[in-house]
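1. Could you work out the structure for the sequence below:
(one chain, ligands or ions: 1)
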Amino acid sequence: MDSVACRCCDLLQRVPPLPRGGKARCVRCGQLLATRPADPLDAPLALTIAAAIAFAVANATPMLRLSAEGREAQTTLPGGALAMWQAGSELTALAVAFCAVVAPACHLALLLAVLLAVRRPPAPPWVGVAMRWLERVRPWAMTEVLLLGVLVALTKIAQLASVAPGPGLFALLAVVLLVPAIATTFDADLVWRRIAWADARAQVRA
Ligand SMILES: [Zn+2]
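-> Predicted coordinates for the structure are as follows:
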């Protein structure tokens, strides 16, 4: 049995081996301590592949189509960041490109690499490095903030011009819905247990 400190109240307690789909809560405060997803490898992999495809579509197809006084314009997500750079808002353009394109792309690529590598244990030690990077990158992947911003802009611009949402916006919505679904099915403990460390004492148990 593993000893785990509660993240909420610091109580150290033993978590028994959980059945598939089981959850363990803190005896003192009820904080969720551990979960064992019902399908810890195939479900997050399928969801990550779906999110990667949706993310590619979100970047390659127009987010919005504007038309006013006979003129039409449309833009993609990277195109929007580029236009911002050319308009003189270099810092904002960099922030948008990083949080909306680079960080989510790294997040999904790392997830995909980790999930494919742990399918056949023992997984190579670089998976551990990838897992740490995954935790660093995740807070910067702000697709949901971007979606909210685009929707706010959509309603604001709608007063000035006729705006139609493009396929990129729906693809972005799919990414925003898929990412939390990946997080709930992803079993980080299982991944860590499957990594073959250079230290031979660390056993592969799963
Ligand atoms: Zn607690």
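2. Which helix or strand contains the most centrally placed residue in the chain?
-> The centre of the chain sits closest to Val179, judged by CA atoms, centre = their mean, with a distance of 4.5 Å. For Val179, the host element (DSSP states H and E) is helix 167-185.
3. residues in contact with that helix?
-> 37, 39-40, 43-44, 47-48, 50-51, 54-55, 57-64, 76-77, 104, 107, 111, 141, 143-144, 146-147, 150 (CB atoms under 8 Å, 6 or more residues apart in numbering). The way it works is simple: take the backbone N, C-alpha and C, and place the C-beta from them, glycine included.
4. Any buried residues in that helix, and which?
-> 168-169, 171-176, 178-179, 181-182, 185 (16 or more other CB atoms under 10 Å).
5. Return only those of the residues you listed found close to the ion.
-> On the criterion CB under 5 Å from the ion, none of the entries of the buried residues of helix 167-185 sits beside the ion.
6. of those residues, closest to Pro19?
-> Thr185 (16.0 Å; CB to CB).
7. Check the burial of Val96 by counting its neighbours.
-> Neighbours of Val96 under the rule other CB atoms under 10 Å: 21.
8. what's near enough to touch the closest residue to it other than its chain neighbours?
-> Nearest residue to Val96, sequence neighbours excluded (CB to CB, 6 or more residues apart in numbering): Ala81, at 4.7 Å. Ala81 is in contact with Ala93, Val96, Ala97, Ala100, Val101, counting by CB under 8 Å, 6+ apart.
9. export those residues to TSV and tack on secondary structure, pLDDT and distance to Pro16?
-> Formatted as TSV, the contacts of Ala81 follow (DSSP: H, G, I helix; E, B strand; the rest coil; pLDDT from 0 to 100; distance: CB to CB, whole Å):
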residue	secondary structure	pLDDT	distance to Pro16
Ala93	helix	93	51
Val96	helix	90	46
Ala97	helix	92	46
Ala100	helix	91	42
Val101	helix	92	43
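10. Most neighbours of all those, which one?
-> Ala100 (26 neighbours).
11. those helices in the protein, which residues are they?
-> 42-60, 77-86, 90-96, 103-117, 126-137, 143-157, 167-185, 188-193 (DSSP state H).
12. May I see the buried residues of the last one?
-> Same thing as helix 188-193. Asp189, Leu190, Val191, Trp192, Arg193.
13. now swap in the second one and tell me
-> By 16+ other CB under 10 Å, the buried positions in helix 77-86 come out as Leu77, Gly80, Ala81, Met84, Trp85.
14. can you list the weak-confidence ranges in the protein?
-> For the chain, residues meeting the criterion pLDDT under 70 lie at 1, 198-206.
15. Please identify the residues of it in proximity to the ion?
-> Cys6, Cys8, Cys9, Leu11, Cys26, Arg28, Cys29, Gln31.
16. Cool, thanks, talk later.
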